[in-house]
Structure formats: structure tokens, C-alpha cells
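Engineer: here's my sequence, what's the structure:
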Amino acid sequence: RAGSVAVRLLDDFEGVLQADGYSGYSAVCTANSITRIGCWDHARRKFVEADKSADSKAKAKKGTVSKTDVALGYIRKLYRVESSIADKTDDERLKARQEISVPVLNEFKLWLEKNAAKIMKGGALRTAIDYTLNQWQYLVGYCERGDLKISNALAENAIRPFAIGRKNWLFADTRKGAEASAVCYSLIETAKANSIDPQGYIKHILDHIGEADTLEKLEALLPWNVELG
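Structural biologist: Alright, predicted model coming up:
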């Protein structure tokens, strides 16, 4: 977990990077003019954690709504918009986000700024508010286009099985073993992301890798260049 790793991975990348608030991405995004957007799942998670913490409910008076509930309410509105436009075209999604989501975001930001000063630093709720405000320019980025997502949940869901499993397997006792596992995971998950049967894809690679003696032939084996019969 270092900025140098982000630089190496994204050195020749062009496009949109969607990530949490990790500062290690800043340098390479600036240097390579990469468009960076945030992830509302990460912001929401911090408010959920605040809701479960000792200062939960921000000590709301009886019969009133807590500040964590208000914040989560705003975020739920944003996700409801996304659910309602999931099957729309990119242009339709952009229009809906500009007309519906942006006003909600503007109202939410005013609420965050108003309440930040009222909550003591160091608590879970203040941490959630500060994180959201600090990441605001990235969190609103998805509303600038219709093809972007409100969160990077798809990527997180793809890596979750082995991110959890690696704590139990502990079979990679060498660097080479860990790198080999990473290669296998990358091939399988990328095949799935491109709607290709992983088992059939791996067989295709094994059948043709011996003939791939040029860069072009190797690139032809990448999941997005393969059509399995």
C-alpha cells in the first residue's frame, strides 16, 4: 500500500479511476491527467460505522432523528435514483442525475458543512462528515457522465471472495507463489467481467499460449479479445 504501486499500475492508464480516498492515487492522477471519481459506498460505510459507535445517533433527543440517520437518508436518496435509472441509456442517466441527484447532493453538502462545526472532532460521525467533505469533488464526479457508477461495488464484489479467503488459505508462503495466485485471480475475474466462462477461457489460453510468440499474439489471448465457441 504505497503511492509507488499506484504509479506503477496506472503509469500508462487513460480514463476514469474510481476509488476510495486513498491519497496514493493523487500523484499519478495529476501527472497522467486521469479523471478520478469517488465511491459512495465508502462514504456511506463511514456513516454506518458512526451509527453503530458509542456516539451513535449523535445523542438525538427523544422523538427526533439523529444526524447519522439524516446523512444516511441523503445517501439513500442518491442510491434510489440510481436504482430507478439502471436500465436507462447513458444520456438518460446523465439527465436524471443532473435534474434529481445534483440538487440532493447540493443540499447534502450544505447540511454537512453546517453540522461539521457542531460535532466534536475525533468521533465517528465527525470522521464520516470530514471524509465526505474532503472527498466531495470526487464523490460528485459520477454525475458528470451517464456511463459512470455511483460506487465501485462491482470491483469490490469481484475481489471479495479471495480477499476474505486469503486469510484462511495461507498457502502462498513465497513471493512467487503469491504472484502466481494473483495472475490466476486476475485472469479468472477479468474473464468473468467480460462475460466469458472462466474454465473455458483458461483452457483456451492453455491451448494457444504455446503459439503466442509475439506481443500481438499474446494480446489476442486477453479476455476482451477472445470469443469462445
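Engineer: Glu216 and Asn225, how far apart?
Structural biologist: 10 Å (C-beta to C-beta, to the nearest Å). Every C-beta, even on glycine, is put in place using the N, C-alpha and C of the backbone.
Engineer: taking the centroid of this structure, which residue is nearest it?
Structural biologist: Asn152 (2.5 Å; C-alpha atoms, centre = their mean).
Engineer: hang on, the earlier thing: shared neighbours, Glu216 and Asn225?
Structural biologist: When contacts are counted by C-beta atoms under 8 Å, 6 or more residues apart in numbering, Glu216 and Asn225 have no shared neighbour.
Engineer: returning to that earlier point: looking at it, the residue nearest to the centre of the chain is touching Gln18, isn't it?
Structural biologist: Yes: counting by C-beta atoms under 8 Å, Asn152 does reach Gln18; the two are 4.5 Å apart.
Engineer: mind listing the shared neighbours of the two?
Structural biologist: Common neighbours of Asn152 and Gln18, using C-beta under 8 Å, 6+ apart, are Cys39.
Engineer: pLDDT at the residue nearest to the centre of the chain, what is it?
Structural biologist: What the model reports as pLDDT for Asn152 is 88.
Engineer: that one and Gly38, how far apart?
Structural biologist: To Gly38, Asn152 is 9 Å away according to C-beta to C-beta.
Engineer: what's the overlap in contacts for these two?
Structural biologist: In contact with both Asn152 and Gly38: Gln18, Ala19, using C-beta under 8 Å, 6+ apart.
Engineer: now do the host helix or strand of Asn106: which elements does it pack against?
Structural biologist: In the assignment (DSSP states H and E), Asn106 maps to helix 102-116. Applying 3 or more C-beta pairs under 8 Å, 6 or more residues apart in numbering; DSSP states H and E, one finds that helix 102-116 contacts helix 67-84, helix 124-134.
Engineer: Tyr185: which of those is closest?
Structural biologist: helix 67-84 (28.2 Å; C-beta to C-beta).
Engineer: what are the buried residues along that closest one?
Structural biologist: Going by neighbour count (16 or more other C-beta atoms under 10 Å), the buried part of helix 67-84 is Lys67, Thr68, Val70, Ala71, Leu72, Tyr74, Ile75, Lys77, Leu78, Val81, Glu82.
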